[in-house]
Every structure is written in C-alpha cells, then in structure tokens.
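Enquirer: with the input below, show me the fold.
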Amino acid sequence: MNDDEERPVTIITGRVWREAGAESEGVHVMLVAPDDDTAVRMALEALAQEGYAEAELDQIGDMEGAPEEEPHLSAWQGATEGEIAIVTFEEPA
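Expert: A predicted model of the protein is given here:
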C-alpha cells in the first residue's frame, strides 16, 4: 500500500475492566494504523488513558466500509478522521 491510498479502519474486539476483579465490559476499538502491532499498541494506550485497568483483546481485522448502526457508525467516522474510537457494551451473560 502506498502512502496515497486510504488505510482501512481497523477494529479490535475484546473485554475491559475499570478495576482488577470488577465486572468486564465488551469493547470495540476502531482506529487507523499502519499495521496490526501499532494498532494494538495504540488501542491499549487509549484504553489506559480512558481509565481501564485491564484489557483482553481477542480479535483484530479491517472493516469493509461503514457500519449501518450507531454507535459504531460514529466510531467508524471518528476513526477515519484520525481518532481512536472506543465503544463499550454489556457482555451477554
């Protein structure tokens, strides 16, 4: 990929904890990065800055276009503009 091509939005899925031993939340982190290693490092740094004590990341991949529903649509848009977007949600029991 040359520098003139637009990089895809990367999505990283996993779980986060505000405090060690607390209930976990599901998380989707969306960002644009040059490679997977950089994406994971950036995601972990952003989660730490948001106050998460622990993170367990499960999957990483490139998104194929914009999602159809919120809050992921806004997160995707933010990622295309250079932000690191974090979407948390209750995990199913």
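
Enquirer: can you pull the phi/psi pair for His28?
Expert: phi -120, psi 120 (degrees, to the nearest 10).

Enquirer: and for it, the neighbour number?
Expert: When neighbours are counted by other CB atoms under 10 Å, His28 registers 19. Every C-beta, even on glycine, is put in place using the N, C-alpha and C of the backbone.

Enquirer: next one: Met42
Expert: Met42: 17 surrounding residues under other CB under 10 Å.

Enquirer: next helix or strand past the longest helix that the chain contains?
Expert: As assigned by DSSP state H, the longest helix anywhere in the chain is helix 36-49. Next along the chain after helix 36-49, taking DSSP states H and E as the criterion, comes strand 54-62.

Enquirer: what residues of that next one count as buried?
Expert: Ala55, Leu57, Ile60 (16 or more other CB atoms under 10 Å).

Enquirer: check stretch 15-35 too.
Expert: Arg15, Val16, Ser24, Glu25, Val27, His28, Val29, Met30, Leu31, Val32, Ala33.

Enquirer: good, wrapping up.
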